[in-house]
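# When you get a sec, could you give me coordinates for this:
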Amino acid sequence: MTRLAFAIAALAFGLAVAAPARADFGVIRFERGVCTVWTESHAKPAGTGWRVLWYHQPTREAAEGRIKWGAAHHWCHNQW
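Residues are numbered from 1 along each chain as shown. Okay, the predicted model is just below:
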């Protein structure tokens, strides 16, 4: 019985370690309308005057695409 419990625990640990890492990108808009990709969307920028527009983007390219969409809809005022 102890061996079975140990085997199940080892299998569960192995599956947890083998799970793919999830990249986490967000898009932050600062008070002047400049948007940027924030690499850790769970961490907040210092100071005030910012707002999270999108969070939990799977790739940096997806987050940059959101910035371009925001610029087309006048949410972001980045100069490309």
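
# mind listing what the longest strand anywhere in the chain pairs with, with the direction of each?
Looking across the chain with DSSP state E, the single longest strand is strand 50-57. In the sheet, strand 50-57 lines up against strand 25-30 (antiparallel) (DSSP bridges).

# Name the next helix or strand downstream of the partner strand, please.
strand 35-38 (DSSP states H and E).

# Quick check: the gap between residue 29 and residue 9.
Residue 29 sits 45 Å away from residue 9, going by Cβ to Cβ, to the nearest Å. Backbone N, C-alpha and C define where each C-beta goes, glycine included.

# the more surrounded of the two?
The neighbour comparison of residue 29 against residue 9 (other Cβ atoms under 10 Å) goes to residue 29, with 21 against 10.

# Could you pull up the residues touching that one?
35, 50, 51, 52, 53, 70, 75, 76 (Cβ atoms under 8 Å, 6 or more residues apart in numbering).

# Pull out the buried positions in the longest strand of the chain.
50, 53, 54, 57 (16 or more other Cβ atoms under 10 Å).

# Is it possible to get TSV of the residues you listed that adds pLDDT and distance to residue 3?
Listed next are the buried residues of strand 50-57 as TSV, based on pLDDT from 0 to 100; distance: Cβ to Cβ, whole Å:
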residue	pLDDT	distance to residue 3
50	92	54
53	92	52
54	90	48
57	90	44
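
# what about the nearest residue in space to residue 32 that is not next to it in sequence, which SS state?
The shortest distance from residue 32 to any non-neighbouring residue, by Cβ to Cβ, 6 or more residues apart in numbering, is to residue 77 (7.3 Å). Classification of residue 77 using DSSP: H, G, I helix; E, B strand; the rest coil returns coil.

# likewise residue 65?
Quick answer, by three-state DSSP: residue 65 is helix.
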